[in-house]
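*Asks:* Structure here, sequence nowhere to be found:
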């Protein structure tokens, strides 16, 4: 602590003393203790625990973390680009391919909380490069293995490594910019990441045509190695030790008891499961099955199909601020989520019954679906309002984990339905497979309607 900080503390203590010197000593002690426990924490966090980072360094480390977020999106959508090559190389049917593409979300979601703990303990400079290398290691079995089991395991490893992308962005924004600019910088990072999802489709598909799938995988792996090196250089070392003042009135709880309190909360679980059921347009259609569906059923060129499907990611770029504005304007987060579910259900129903046939109508419809897909942010926030403040962070991690697990399940179910109806070569099989998405959208919207109805009853009683 430097002399300016000591002087500031002494001045505040003197002020308290002058205000309370005529009172009883115990009153003065109580007020002084209250001041220390509620103000010194933030004071020390600001001046002693925060590593001073220059504006240039902050921008570089933020960009590197955001590029990793975009890179993992490219790896996420890559199976849809190489679908035919992967199926032919490993002799997969639609069900097995659904397992291959969807197991990414199992790896991604299961390590969400552990990686968050590792980032806090060891810092992003150590964790992020290792996770980037894990992501690279996971894609290599596509070109090196001969049996389909190894690419599936590799896909899970890619999901594990990719989990550090968004968590690393959270950590680095707080390190470099603090809480005041957190929302603004996070929105920029999400935009960069979604641009990776968009351009992970069309340009990589062109590369696959010009070169070969194997060369494209090696190029992506090489770019990942460069990104890992850049992250290790750009991100500064952080100390895991932190100066703290213990509050004698604060009751400590373990992470396991906190997680138990989240999982036993009925409202939180209903919101998480309902949000997971509504994830199909983004994590079932846009990232894997969408381009092939448009090519097979609507006879659209593969490059154009990839571009049209990527409009869902374009819409989501704008969806977060738009839905947040609507929810705050009408003071109804649940109502906004329900409206989004109804709109996505309607668009996918029209898609399946061939009411959206022109490219313009598909683009407009998918942009609207993308905007509505940002309901996830509102749902995670809504879940965090049903728990105490000290477990709000764990609640958001659990909610995101459950939503991602549903992404895996939807991939597998769509693949199973397509396979049961005749395989990916039949138009009707694809239509039945994609019909899973509006069905789950209906169920998810119904779940949120139940939560809204309970909230209305509580308000009526009060």
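*Replies:* Sure thing, it's come through. Since the structure is predicted, the reported quantities are computational estimates derived from the model, not experimental observations.
*Asks:* use CA for all of it now, contacts and neighbours both
*Replies:* OK.
*Asks:* Any stretches of the chain with poor pLDDT?
*Replies:* The chain contains residues with pLDDT under 70 at 1-53, 179-180, 182-184, 199-202, 238-254, 389, 392-393.
*Asks:* Domain map for it?
*Replies:* 3-44, 58-237, 255-462 (automatic domain parsing).
*Asks:* These into JSON lines, with extra columns for mean neighbour count?
*Replies:* Compiled in JSON lines, the domains of the chain are given as follows (neighbours: other C-alpha atoms under 10 Å):
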{"stretch": "domain 3-44", "mean neighbour count": "13"}
{"stretch": "domain 58-237", "mean neighbour count": "20"}
{"stretch": "domain 255-462", "mean neighbour count": "20"}
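*Asks:* Can you tell me, leaving aside adjacent residues, what's nearest to residue 412?
*Replies:* Once flanking residues are discounted, residue 412 sits nearest to residue 98: 4.6 Å by C-alpha to C-alpha, 6 or more residues apart in numbering.
*Asks:* Which helix or which strand is home to that neighbour?
*Replies:* For residue 98, the host element (DSSP states H and E) is helix 94-110.
*Asks:* next structured bit after that helix?
*Replies:* Downstream of helix 94-110, the first helix or strand assigned by DSSP H and E is helix 112-122.
*Asks:* so what secondary structure elements neighbour that following helix?
*Replies:* helix 149-176, helix 392-420 (3 or more C-alpha pairs under 8 Å, 6 or more residues apart in numbering; DSSP states H and E).
*Asks:* what is the orientation angle of that helix with helix 392-420?
*Replies:* Here helix 112-122 runs at an angle of 140 degrees relative to helix 392-420 (axes from the mean of the first three to the mean of the last three C-alpha atoms, to 10 degrees).
*Asks:* Make sure the residue nearest to residue 412 is actually in contact with residue 417.
*Replies:* No: judged on C-alpha atoms under 8 Å, residue 98 makes no contact with residue 417 at a distance of 10.2 Å.
*Asks:* hmm, back to that, turn the helices and strands packed on helix 112-122 into TSV, columns for distance to residue 272.
*Replies:* What follows is these, written out as TSV (distance: least, C-alpha to C-alpha, whole Å):
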stretch	distance to residue 272
helix 149-176	19
helix 392-420	5
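*Asks:* And those: which comes nearest residue 232?
*Replies:* helix 149-176 (12.7 Å; C-alpha to C-alpha).
*Asks:* Which residues are in contact with residue 323?
*Replies:* Contact analysis of residue 323 by C-alpha atoms under 8 Å, 6 or more residues apart in numbering lists 336, 371, 372, 374, 375, 378.
*Asks:* Can you flag which of those residues belong to helices?
*Replies:* The helices, defined by DSSP state H, take in 336, 371, 372, 375, 378 from these.
*Asks:* Excluding chain neighbours, what is closest to the first one?
*Replies:* The reference is to residue 336. Once flanking residues are discounted, residue 336 sits nearest to residue 327: 5.7 Å by C-alpha to C-alpha, 6+ apart.
*Asks:* just the third one next, same as before
*Replies:* Nearest non-adjacent residue to residue 372, counting by C-alpha to C-alpha, 6+ apart: residue 340, 4.9 Å away.
*Asks:* who touches the one you found in this structure?
*Replies:* 372, 373, 375.
*Asks:* picking up where we left off before, tell me which helix or strand the residue nearest to residue 336 sits in.
*Replies:* helix 311-329.
*Asks:* ok, residue 132 - contacts?
*Replies:* Neighbours of residue 132 in contact, by C-alpha under 8 Å, 6+ apart: 68, 161, 162, 224, 225, 227, 228.
*Asks:* at 6 Å instead, please
*Replies:* By C-alpha atoms under 6 Å, 6 or more residues apart in numbering, residue 132 lies in contact with 161, 228.
*Asks:* what about it, distance to residue 323?
*Replies:* From residue 132 over to residue 323 the distance is 32 Å, taken as C-alpha to C-alpha, to the nearest Å.
*Asks:* Please apply the same query to residue 364.
*Replies:* For residue 364 relative to residue 323 (C-alpha to C-alpha), the value is 17 Å.
*Asks:* on that earlier part again, okay, the contacts of residue 340 in a markdown table with distance to residue 113 next?
*Replies:* Shown next, in a markdown table, are those (distance: C-alpha to C-alpha, whole Å):
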| residue | distance to residue 113 |
| --- | --- |
| 372 | 27 |
| 373 | 23 |
| 375 | 22 |
